[in-house]
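Visitor: I'd like to go over a predicted model; first the sequence, then the structure.
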Amino acid sequence: MAEPKAPVKTENSGEIAPAKSSCAELDAFLDRVRSLTPAASGRGRLIFAMDATMSRQPSWDMALELQADMFRAVKQVGGLDVQLIYFRGYDECQASKWVGDPDALARLMRQVACQGGYTQIRKVLNHARRENERTKVNALIYVGDCMEEDVDQLSQLAGELGLIGVPVFVFQEGREPRAERAFREIARLSRGAYCHFDAGSARQLRELLTAVAVYATGGRKALQDLSDETRSIAAQRLLEQLG
């Protein structure tokens, strides 16, 4: 898989209901976040993967803004390196370098535009496994809306990630049923978590993304600081579950 220098140059499990998520659903998601192993020393590493195929175009700007909010919160914690990977078009799947500056990553994301093409989730999961072989990866976050691949192959790869301690946190835009079944299975087998979102649940998605990234980076103390500063419901409930 190509790893171009930033900026990238282009070439070719509880469910979160829209704006009405129950406490039980949110707690189920956060219970899986709790199983994350925060970076014990040095810097945490998080892979942020996104589907950039044409079906995501209508809400692309909203998604980029939410993800930028997550990176801004992580910047305050420090100690996190993030790698962006996306797929689109005909067999294009690109990964950035590992970036320690969240602002640089947000700028990098804004340069990505949607193009028609099939999903390439298998490549994303394979890439995460290879990166973990080089240096420990604390988590993989994936944002997408559909799935057009062999679910058994994806399940096998997700299970392998679970065995090596790389949980996949899947955020599904919309409710395409075939994709939901696959995404839930990927999250379960990797020991990650699944939730869905749409425009009506933007604030909740922002909080969940941020809670995952902050906890993976700095553990309980960083999460407590986030809760104190922002009054994030997601952060507060995760702290309650951590006991």
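Guide: Ah, there it is.
Visitor: Break down this protein into its strands, ranges please.
Guide: 44-51, 80-88, 92-95, 139-144, 168-173, 193-197 (DSSP state E).
Visitor: Which of those strands sits closest to Gly219?
Guide: Nearest to Gly219, of all the strands of the chain, is strand 44-51, at 9.3 Å by CB to CB. Every residue, glycine included, has its C-beta placed from N, CA and C.
Visitor: now Leu140: how far from Arg45?
Guide: Between Leu140 and Arg45 the computed distance is 10 Å (CB to CB, to the nearest Å).
Visitor: for the lengthiest helix in the chain, packing partners?
Guide: Ranked by residue count under DSSP state H, the longest helix found in the chain is helix 202-230. Where contact means 3 or more CB pairs under 8 Å, 6 or more residues apart in numbering; DSSP states H and E, helix 202-230 is packed against helix 23-34, strand 44-51, helix 60-77, strand 80-88, strand 139-144, strand 168-173, strand 193-197, helix 233-242.
Visitor: hmm, who's touching the longest one?
Guide: Contacts made with helix 60-77 from outside it, assessed by CB atoms under 8 Å, 6 or more residues apart in numbering, are listed as 48, 50, 56, 80, 82, 101-103, 105-106, 109-110, 113-114, 143, 173, 199, 202, 205-206, 209-210, 213-214, 217-218, 222, 225-226, 229-230.
Visitor: by how many degrees do that helix and strand 44-51 diverge?
Guide: Relative orientation of helix 60-77 and strand 44-51, computed by axes from the mean of the first three to the mean of the last three CA atoms, to 10 degrees: 180 degrees.
Visitor: Could I get the average pLDDT for helix 60-77?
Guide: The average pLDDT within helix 60-77 is 73.
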